[in-house]
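Asks: pasted the sequence and its predicted model underneath.
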Amino acid sequence: MTLTLEICAASLQSALAAQAGGAHRVELCQNLEQGGITPSYGLIREVLAQLSIPVFVLIRPRSGGFVYSEGELAIMRADLDLCRALGCAGVVLGALTAAGRVAMAECAALIKQAGSMEVTFHRAFDACPDQFQALEDVIALGCRRVLTSGGQPTAVEGQTQLAALVSQAAGRIGVMAAAGITAANIQEMAARTGAQEFHASAKRLLPPEPDAGLFQAERFDTDAALVAELVALM
């Protein structure tokens with residue numbers, strides 16, 4: 001079984017570390033501490049200029065839930081245009097109804113705007129009460145894969161559901177396990193769930209910045225050695 005490792009990177013440094021460690025793909029975002037939002041134009045452009053592995057960009061206009069206004073959807077469509085123009089390999093998106101169903105019309109319009117870029121349906125999926133119906137909806141939309149922890153805080157906690165989703169998918173869509181994937185559990189997760197794609201941040205806490213003063217805050221970056229360890233185990 002060939003496994004794929006996607007690294008979630010929220011900075012140029014993290015994206016470079018992901019590639020140096022042997023990651024197969026990068027999901028680029030910003031504000032990862034809030035679940036991630038769409039990165040800036042400058043970050044997308046610079047990462048694309050410096051990486052040779054595929055770069056997927058998160059299309060999410062704000063943190064919080066996944067029910068979007070028409071204005072927010074317009075922002076997402078504009079960001080999709082930007083990613084397509086810059087030559088991104090793929091995008092990561094999702095939208096829900098107030099009832100927690102996949103917002104089919106809204107998502108279909110976003111996917112059409114994505115053009116030839118690959119589409120991953122992101123962890124809005126984990127906010128759906130009926131994941132089995134949601135999986136059929138995401139398949140119907142034509143997404144290449146769905147990013148999920150099986151509806152639990154971590155993929156380890158959701159491994160039974162992940163295995164059920166992989167079985168239901170039956171090769172029609174990729175099920176990418178996310179949340180809490182580490183070197184300590186990736187082999188077991190692959191064996192128990194049947195998932196062939198894994199999503200991790202492989203990050204370490206950076207030392208304090210001596211010049212930050214009042215603006216000091218915890219910062220994390222992807223560590224190439226941690227990425228390499230995950231790749232070796234795969």
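Replies: In hand now; what should we look at? Residues are numbered from 1 along each chain as shown.
Asks: least confident secondary structure element in this structure?
Replies: When the helices and strands of the chain are compared on mean pLDDT, DSSP states H and E, strand 203-205 comes out lowest with a mean of 84.
Asks: what comes into contact with that one?
Replies: With contacts defined as C-beta atoms under 8 Å, 6 or more residues apart in numbering, strand 203-205 is touched by Ser14, Glu218, Arg219, Phe220, Asp221, Thr222, Asp223, Leu226. (Glycine included, C-beta is placed from N, CA and C.)
Asks: pLDDT on the longest helix anywhere in the chain, on average?
Replies: Ranked by number of residues, the top helix in the chain under DSSP state H is helix 70-86. Mean pLDDT, helix 70-86: 98.
Asks: what helices and strands are in contact with that helix?
Replies: Applying 3 or more C-beta pairs under 8 Å, 6 or more residues apart in numbering; DSSP states H and E, one finds that helix 70-86 contacts helix 41-50, strand 90-93, helix 104-114.
Asks: roughly how far does the nearest residue to Val227 once chain neighbours are set aside sit from Leu5?
Replies: Closest residue to Val227 apart from its sequence neighbours, by C-beta to C-beta, 6 or more residues apart in numbering: Gly21 at 2.6 Å. According to C-beta to C-beta, to the nearest Å, Gly21 and Leu5 sit 9 Å apart.
Asks: tell me, what's touching the two both at once?
Replies: By C-beta under 8 Å, 6+ apart, the residues touching both Gly21 and Leu5 are Val227, Leu230, Val231.
Asks: need the contact list for the last one.
Replies: Listed by C-beta under 8 Å, 6+ apart, the contact partners of Val231 are Leu5, Gly21, Gly22, Ala23.
Asks: closest to Phe121 among the residues you listed?
Replies: Taking C-beta to C-beta as the measure, Phe121 lies nearest Leu5 of the contacts of Val231, at 18.9 Å.
Asks: the closest one reaches Val227, doesn't it?
Replies: Yes. Contact status for Leu5 versus Val227: in contact at 7.4 Å, counting by C-beta atoms under 8 Å.
Asks: anything in contact with each of these two?
Replies: Shared contacts of Leu5 and Val227, counting by C-beta under 8 Å, 6+ apart, come down to Gly22, Ala23.
Asks: pretty sure Leu5 sits in a strand.
Replies: Yes. Counting by DSSP: H, G, I helix; E, B strand; the rest coil, Leu5 is found in a strand.
Asks: ok, it - how many residues close by?
Replies: 23 (other C-beta atoms under 10 Å).
Asks: also Phe66?
Replies: Phe66: 22 neighbours (other C-beta under 10 Å).
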